[in-house]
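K.L.:
Structure here, sequence nowhere to be found:
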């Protein structure tokens, strides 16, 4: 048994080795394998006897055979790690995969959304509740939260389906540099061994075996807790005949340099690299560079590029994919608005709660700020956190590589890393047009309070706004069923970067009169906020009701179950206007709050805006979208929707 | 022979097939291969007889054997394509590579810089002048410029070294999805064939053979020109015994769908995918998606991650790499300014003239605008093109994926794609700090006119500036040897996005008096431009000389051979100040131009600035850099440099 004082790296590396072995004997029930010889642990944990893998590769599994992989995954960080692992597996794989994910509620929520939106062909994902396994291992004292999840690998058989003959068990912190099929092939190579083990398992019983060992260890160990690898090590010490070590190329790790190097110098072909912490990436060592580069490759790899079909295997599409492909195939590439149509149909891979998050405690009048952004607005986040002290749900439109930059940005910002009530949802980039309303819907769907403040990332709310909104919601008794209201937060703008934010409505009015502040888009798009009636707002002491008018697009506070944004509006233009029409059509009353305000900060025009501002096609397509939106509106709301169409036609005739 | 009317795709695909074969017989002089059987062309271009590659893989070359690859590459577009090809080769390769690149001047200039700065271990690059081969093929009528380069593959033996026994010849538009070693291994497999071909070559002579065939074809063909594949096809038709077809997995292409699919369905393992044009990426076909994803993977692949050493092979570092590694190894990671030290030592991969470029005709007073930017300033480019009608040399700090976005951005912009006198140099991102002065030096080194205007990307010059500068240079007779001058272009700023740019100095002064414009950084950093003496400038009718003062950092026009920027200044701060000190120390006189001006547009603070503005360590490190700069200055200029140190100390005591 390994002394417990050894660096975690080596222990964890062995853990992988052993878990793979666990796969062999716990699930080796496949009757097609014949009798074979007994394998013994020869004291060489790197398995030098089987260093040459070329002979193993001849026993590849049949084409299109489903490979089973089980992974225990809990919490936010492991949910990120498992994606990099999966990218490396998907890059090299040629077989259908069935993932058996044993997850806590957090990881399940994240990974269910992720795999549903990733839509990788020939990948089946099953979830198992880690809670059910907890009682089976919670009697073992262990030092930290994640330790319990580590121990669960001991009891996997009790949660996985009985029909499963074999499974590869992986930690989340490994990177493949070869086809997982080759690892699966080792089952075949050691087939006799598996049958033999099955016999012994029947005789001895694995469950009693490891429990007895663990209890005995607990009596004699000076340490007060046991980790899973301690138990595996102890069992193996007592029953060396259970173990057949894997060739070392299947578990290359860095911490014990000499042994690792001996392995891959001779094998010349790495299969799996095992990491323990991202810090390991900083090791200064020429071979470490190789491993780091491979890891970084998959960390920043565009997951979309891994949705490759398997040639020559029966199609195994996740639900909805085939309809989607048909819809995409029916689009006419020559049509001028083709890019719009395509973008509307695009399903974006979504990673909800990308970073650690503490959901807000349930409070009846609580409000979440909802917004979306891309990389070029990241510098707004710190200021936003200072202005809004409540929960936020933010959708970020990023590439896989940018998501890593974003992670580092938050980690190095004391302001951002201190805030656990901000949920960041990464929506991965795909397509030329900015899917603004799809982003808003992701952020909106993940808001966990009864109310949401639908804002934009380039606005800073009044410092008091969070408290004021909650008080207003309570006073206006919005919780009552009969009241369907949208609270309007009046919008202003400054054209200066350096500007001292007003601490009150009085200060704001002074700045407005001095010309340092303006009502939002007063010069370019007055109709966007005309209905808010800024003149009345100056004097108002109480909330007042206003009527919808054409092109109205105020920032509003509404119940979380409000209508979603219309995802057909991609790119820029009319995305909020359509949502406000929807609210009006559903008879939300618009109530302007007398003390609420929010101020738009200046920024350079975004690349997407610059790219399309000058394009007449773009404007024509937007017009077509508007018309289709109105047709749908008439269909759903009947004659009540006529006023919106009239308004649209009037505004067009004015233009 | 294939009819000439067939789509180019198939022809080009066959070209690859044949070129690989050419490699076999033109360079098959290796005496170690024994006698063998004759191979014949069996009329199946997909080589179904050899469809199973597993047997071939058993004849892998010895570990660490050098593999030779020859590629003809000319012009800007092929220089980009070859990089994607090389990334795919490098990702899978396990052997040292020797690239034999037959290039025109443009490609050589680009690729020499690229490979020198890429510093990939175990890759040797040799260049051969395509000009030398032109006379050998220019007698063959062919339709377009690139056709001549295609024909050069016929005469490769006359330029490659005689000692070269075997070489793989590749087109630039292929993507590997396997180790090129497996392709090399086919040489061994067909070894007998090679010897046999060699005999025949000696008897017949390849050169006479193809020339005769070509001439005969010219007599009978209705078309007025010949492409290289026409000649190959014709030779093969006459001498089928020369050809042994490659297994089809080595040349999978999309255009002939049935054949291609039959190939990979059976082989289940693709080796090389052959593209003809980026348009092919748009093919709507479920298998096309597989190919597209693989291509896009390497298009956006971070080239830095491919600088992996080969395990167990003697180290083959490009020049300078080992010294660099030693210097990096000597850095102390615990030192607070470690990141600065590391960033200073980083050699960035550089792709000069990333897009097509027409060098300016030589003119004695011409000026190139020099600046650098990253993705978040792309939207400045169109405005800059409208304001500056002369040549520009711009360095862009991008990831590989961003470089592709940039390419599309330029292609879709009529303003940018019309300008061929703007040279874009991509410097690939590496490290956490912005290497501002390294970027400026790349842009400066690539300026091709006798004078340069050293500007920043967020400034728009007066519309007349380009003409005015050239006239001033001529009038001031800067071309004379004794005159060492830096012409100062006074800098202003606006805080408003929407602002109408002044058409003259008079208009500018009006805006200045109205408070719509300010002198640059008047409020935050007046010393940066104090020496320019704006009061005097208002009235000035002729250029006037000003003296250096502490922290002076004007925008200047200088001869192209001016001192370089000090690359130690990474991140933000003092990078221009140090350069101006250097000019002053070298006794450049500063002459302010009375009609010149340039205006800074507002933008949100960059991410790098936001990240470090609040960091005391950052400021301490900048201070340390300044002091080291002054020590170097004293060393180089002796007591003359004392005034700079005194100024620094005074400014520090004021702070």
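P.N.:
Perfect, I can see it now. This is a predicted model, so every value here is computed, not measured.
K.L.:
Give me the neighbour count for the residue lying closest to residue A:377 once chain neighbours are set aside.
P.N.:
If you skip the residues right next to it in sequence, residue A:377 has residue A:457 as its closest partner in space, 4.9 Å away by CB to CB, 6 or more residues apart in numbering or on different chains. Any C-beta I mention is one placed from the backbone N, CA and C, and that applies to glycine too. Taking other CB atoms under 10 Å in any protein chain shown as the neighbour definition, residue A:457 ends up with a count of 20.
K.L.:
Please apply the same query to residue A:94.
P.N.:
For residue A:94, the neighbour count with other CB under 10 Å is 19.
K.L.:
The residue nearest to residue A:377: what's it in contact with?
P.N.:
A:371, A:372, A:373, A:377, A:380, A:384, A:394 (CB atoms under 8 Å, 6 or more residues apart in numbering or on different chains).
K.L.:
Sticking with the closest residue to residue A:214 other than its chain neighbours, tell me its helix or strand.
P.N.:
Computed as CB to CB, 6+ apart, the closest residue to residue A:214 that is not its neighbour in sequence is residue A:231, at 5.0 Å. Using DSSP states H and E, residue A:231 sits within helix A:228-238.
K.L.:
where do the helices sit along the stretch 201-350 of chain A?
P.N.:
With DSSP state H, counting those that start in this stretch as the criterion, the stretch 201-350 of chain A has helices at A:206-220, A:228-238, A:257-267, A:286-299, A:321-330, A:338-345.
K.L.:
CSV for those, including mean pLDDT and distance to residue B:218?
P.N.:
As requested, those are arranged in CSV below (pLDDT from 0 to 100; distance: least, CB to CB, whole Å):
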stretch, mean pLDDT, distance to residue B:218
helix A:206-220, 77, 79
helix A:228-238, 72, 75
helix A:257-267, 52, 55
helix A:286-299, 76, 50
helix A:321-330, 86, 45
helix A:338-345, 91, 44
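K.L.:
pLDDT below threshold where in chain A?
P.N.:
Across chain A, the ranges flagged by pLDDT under 70 are A:1-60, A:143-146, A:187-205, A:221-229, A:241-270, A:273-288, A:481-482, A:605-614, A:654-655.
K.L.:
Name the residues that touch the longest helix belonging to it?
P.N.:
Ordering each helix of chain A by length in residues (DSSP state H) puts helix A:616-637 first. Contact partners of helix A:616-637, identified using CB under 8 Å, 6+ apart, comprise A:336-337, A:340, A:566, A:568-569, A:571, A:573-574, A:578, A:581-582, A:585, A:612, A:641-642, A:644-645, A:648, A:652.
K.L.:
Return the members of the residues you listed classed as buried.
P.N.:
A:337, A:340, A:566, A:568-569, A:571, A:573-574, A:578, A:581-582, A:585, A:612, A:641, A:644, A:648 (16 or more other CB atoms under 10 Å in any protein chain shown).
K.L.:
From chain B, how far off is the residue nearest in space to the middle of chain A?
P.N.:
Against the mean C-alpha coordinate of chain A, by CA atoms, centre = their mean, the closest residue is residue A:351 at 1.7 Å. Going from residue A:351 to chain B by CB to the nearest CB, to the nearest Å gives 18 Å.
K.L.:
next one: residue A:582
P.N.:
Counting by CB to the nearest CB, the gap from residue A:582 to chain B is 31 Å.
K.L.:
for that residue, what are its contacts?
P.N.:
Taking CB under 8 Å, 6+ apart as the criterion, residue A:582 is in contact with A:563, A:566, A:633.
K.L.:
Now do the buried residues in stretch A:386-395.
P.N.:
Counting neighbours by 16+ other CB under 10 Å, one finds that the buried residues in stretch A:386-395 are A:387, A:388, A:390, A:391, A:392, A:393, A:394, A:395.
K.L.:
same question, stretch A:419-430
P.N.:
If you call a residue buried by 16+ other CB under 10 Å, then stretch A:419-430 has these buried ones: A:419, A:421, A:422, A:423, A:424, A:425, A:426, A:427, A:428, A:429, A:430.
K.L.:
what sits against residue A:213?
P.N.:
With contacts defined as CB under 8 Å, 6+ apart, the neighbours of residue A:213 are A:231, A:234, A:235, A:238.
K.L.:
nope, residue A:475 is what I meant
P.N.:
Contact partners of residue A:475, counting by CB under 8 Å, 6+ apart, are absent.
K.L.:
how near is it to residue A:409?
P.N.:
Counting by CB to CB, to the nearest Å, the gap between residue A:475 and residue A:409 amounts to 38 Å.
K.L.:
likewise residue A:549?
P.N.:
From residue A:549 over to residue A:409 the distance is 40 Å, taken as CB to CB.
K.L.:
Neighbour count for these two, which is higher?
P.N.:
Legend: neighbour count by other CB under 10 Å for residue A:549 and residue A:409, higher for residue A:409 (20 against 12).
K.L.:
wait, doesn't residue A:581 sit right on residue A:548?
P.N.:
Yes. Taking CB atoms under 8 Å as the definition, residue A:581 is a contact partner of residue A:548 at 7.4 Å.
K.L.:
before we move on, back to that, which of the contacts of residue A:213 are buried?
P.N.:
Buried members of the contacts of residue A:213, counted by 16+ other CB under 10 Å: A:231, A:234, A:235.
K.L.:
With distance to residue B:102 as extra columns, can I get the contacts of residue A:582 in TSV?
P.N.:
Formatted as TSV, the contacts of residue A:582 follow (distance: CB to CB, whole Å):
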residue	distance to residue B:102
A:563	63
A:566	56
A:633	63
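K.L.:
hang on, the earlier thing: and the buried ones among the contacts of helix A:616-637, which is closest to chain B?
P.N.:
The nearest member of the buried ones among the contacts of helix A:616-637 to chain B, counting by CB to the nearest CB, is residue A:612 at 9.5 Å.
K.L.:
Correct me if wrong: residue A:549 contacts residue A:533.
P.N.:
No. The criterion here is CB under 8 Å, and residue A:549 misses it with residue A:533 at 10.3 Å.
K.L.:
Can you list which of the buried residues of stretch A:386-395 are found in helices?
P.N.:
residue A:387.
K.L.:
For the closest residue to chain B within the stretch 101-250 of chain A, pull up the helix or strand it's in.
P.N.:
Each residue of the stretch 101-250 of chain A has a distance to chain B, by CB to the nearest CB, and the smallest belongs to residue A:121, at 9.2 Å. Residue A:121 belongs to no helix or strand when elements are defined using DSSP H and E.
K.L.:
Just read off the phi/psi values of it.
P.N.:
Residue A:121 adopts backbone torsions of phi -60, psi 150, taken as degrees, to the nearest 10.
K.L.:
swap in residue A:590?
P.N.:
Backbone torsions of residue A:590, given as degrees, to the nearest 10, read phi -90, psi 120.
K.L.:
Would you mind confirming that it makes contact with residue A:547?
P.N.:
Yes. Counting by CB under 8 Å, a contact exists between residue A:590 and residue A:547, whose distance comes to 7.4 Å.
K.L.:
still on that earlier bit, identify the farthest-apart pair in the contacts of residue A:457.
P.N.:
The most widely separated members of the contacts of residue A:457 are A:372 and A:384, with 12.5 Å between them, by CB to CB.
K.L.:
Mind checking which of these two has more residues around it?
P.N.:
Applying other CB under 10 Å to residue A:372 and residue A:384 shows that residue A:372 carries more neighbours, namely 27 against 23.
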